[in-house]
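Engineer: Need the 3D shape of this:
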Amino acid sequence: PIVVAYLSGELRQRRTGLGYASLRDMPAPADAPSLNVGEVDAEFAEIAAASGPGSTTARRARLRALLARATTTEQRLLAGLVTGELRQGALDGVLTEAVAAASGVPSSDVRRAVTVAGTLTPVAEAVLVDGAAGLARFRLVVGSPLRPMLAQSAPSLTEAFARTGPAAVEWKLDGIRVQIHRDGSRVSVFTRTLDDVTARLPELVETILALPVGSAVFDGEAIALDSAGRPLPFQQTASRIGQRLDVTTARAKTPLSLYLFDCLHLDGDDLVGAAGQDRWGALQRVVPDRLRVPRLIIDDADAAQAFFADALAHGHEGVVLKSLAAPYDAGRRGAGWVKVKPRHTLDLVVMAVEWGHGRRQGWLSNLHLAGVADRETPRAGRRPPRRLGREGTAGVRRGSRVRRCSAVPALPGRCGAALRACPAPPPGQTRHRGRHDRFRPRDPHRPLTPSPGQRRRASASRSIPSASTSTPVWSDDPSSRPAASHSAP
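Structural biologist: Sure thing, here's the model as predicted:
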């Protein structure tokens, strides 16, 4: 079970109190391997159990001691497990098929058990020891979350309908996926990652308790709406659900609305294997219209076009086409559900770049992007670049130089759309002298005096500076820019 968990990309201890900060100063790797999986699992169990004053320091010290005994390859594996970003190519899908092959049990049966268990590890242990009989213990239990069914993507309604066949089309909301369990007067709310957020969402609990059901498992979306019923920015919904303290104040400031779109269990009947239309029928029996996501049954893609346009007009992301016959394929991104969203192509330039923080420490991170004028528009009629926001990058290491491309003649010297890292400069050299098409990241340790505008922005949560007052990372001539106002090159 330990090996299955590690190859699936997760620790058996869901919460260890460790994160990216614990890995900033990795010790030198060991020359020869000496660790075994049982020893590593036991150490992480001790780390997860640490609590009280000084526990953070103690956890990091234990992790550092463990990493000091690991080889270079083992350190990469352990770091990936700690951060949840193992990326070794196997993970759950491949491991599920491997467990099925090793046990001689059909993979569909193993997947169904994983759906109910929420993770592969206990299923692997049961089926490898007891075979098919070991899967009998895995059934839907109200109060124990299931992995949510996911949707594929399609560029158009026509292609989506070709995958699903006769289908229902529903609004795709830009909220937080929630799975809600009710057993009598007890209600539990879980996120897509199976985290229990019940205490943070009292309005959802009250809504479910008002329904005429004894036991149920619902799938749906929690979303923050404005007074006109249009969705607020996703960040506000996410921030509200992430609020752990003073939930009463957070609720008053940003109340959440609930929209349900599936029913996996109802008063003793498990519906995971039932057809989509049957599950919707069960949902209709106990959930009023105002709590159900808008839905329309269609026979062809043309019939969905007006519904798609209506979803966009109400400020939502798009639509999801759901096969009427598909079961709830939990944890998988099958063809039973296919989402369609509008696609837009923008020509953008990079106006500035910021140094990363946390796990991106030492990398160039957020890009400040601006729109580019249409080349066919006469130069006299072009407007200045309009700042659109920030976007993360794959990262460019500190100490490298960055070459700027010339893809946008309308903005000479302004385009950073194509960047590549150049060799690091010799010690003491700060830039390519006499070259205006190459730039180096500014020294992050160089003392800067922020302007009043920059100080105000620094104190504002999630603010995006305007193009005229942003702080760039690059400059072709450091002496040409004021110390307090660093305008884009």
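Engineer: Report how many residues lie close to residue 191.
Structural biologist: 18 (other CB atoms under 10 Å). C-betas here are computed from N, CA, C, even on glycine.
Engineer: Give me the spatial nearest neighbour of it, chain neighbours excluded.
Structural biologist: Using CB to CB, 6 or more residues apart in numbering and skipping residues adjacent in sequence, the residue nearest residue 191 is residue 197, 5.7 Å away.
Engineer: Go ahead and confirm that neighbour touches residue 180.
Structural biologist: No - using CB atoms under 8 Å as the test, residue 197 is too far from residue 180 to be in contact (10.4 Å).
Engineer: Does residue 172 touch residue 320 like I think?
Structural biologist: Yes - contact criterion CB under 8 Å: residue 172 and residue 320 qualify, at 4.9 Å.
Engineer: how about low-confidence regions in this structure?
Structural biologist: Within the chain, the ranges that satisfy pLDDT under 70 run 87-92, 358-360, 371-489.
Engineer: For it, just list every one of the helices.
Structural biologist: 2-7, 37-49, 55-68, 72-83, 91-103, 107-117, 120-130, 157-164, 202-209, 234-242, 247-253, 276-286, 301-313, 452-459 (DSSP state H).
Engineer: Surely residue 261 and residue 180 touch.
Structural biologist: No - using CB under 8 Å, residue 261 is not in contact with residue 180; the gap is 11.8 Å.
Engineer: Now for the two: what residues contact both?
Structural biologist: 219-220 (CB atoms under 8 Å, 6 or more residues apart in numbering).
Engineer: which one of the helices of the chain lies closest to residue 266?
Structural biologist: helix 276-286 (4.8 Å; CB to CB).
Engineer: helices and strands around that closest one, which ones?
Structural biologist: strand 167-172, strand 256-266 (3 or more CB pairs under 8 Å, 6 or more residues apart in numbering; DSSP states H and E).
Engineer: same thing but 10 Å
Structural biologist: strand 167-172, strand 215-224, strand 256-266, strand 295-298, strand 318-323 (3 or more CB pairs under 10 Å, 6 or more residues apart in numbering; DSSP states H and E).
Engineer: what's the angle from that helix to strand 167-172?
Structural biologist: 60 degrees (axes from the mean of the first three to the mean of the last three CA atoms, to 10 degrees).
Engineer: got the angle for helix 276-286 vs strand 215-224?
Structural biologist: 90 degrees.
Engineer: List the buried residues in helix 276-286.
Structural biologist: Residues 276-277, 279-280, 282-283, 286 are the ones in helix 276-286 that count as buried (16 or more other CB atoms under 10 Å).
Engineer: Residue 172 and residue 320: which is more packed in?
Structural biologist: residue 320 (25 against 22).
Engineer: got a list of what the more buried one touches?
Structural biologist: Residues in contact with residue 320 (CB atoms under 10 Å, 6 or more residues apart in numbering) are 151-152, 160, 164, 167-173, 261, 293, 295, 311, 337-341.
Engineer: for residue 244, same thing?
Structural biologist: The neighbourhood of residue 244, defined by CB under 10 Å, 6+ apart, consists of 197, 199-200, 250.
Engineer: Would you check how far apart residue 234 and residue 337 are?
Structural biologist: 20 Å (CB to CB, to the nearest Å).
Engineer: Likewise for residue 355?
Structural biologist: For residue 355 relative to residue 337 (CB to CB), the value is 40 Å.
Engineer: Who has more neighbours out of these two?
Structural biologist: residue 337 (26 against 16).
Engineer: So what pairs up with that one in the strands?
Structural biologist: residue 322 (DSSP bridges).
Engineer: wouldn't it be in contact with residue 330 here?
Structural biologist: No - the criterion here is CB atoms under 10 Å, and residue 337 misses it with residue 330 at 11.5 Å.
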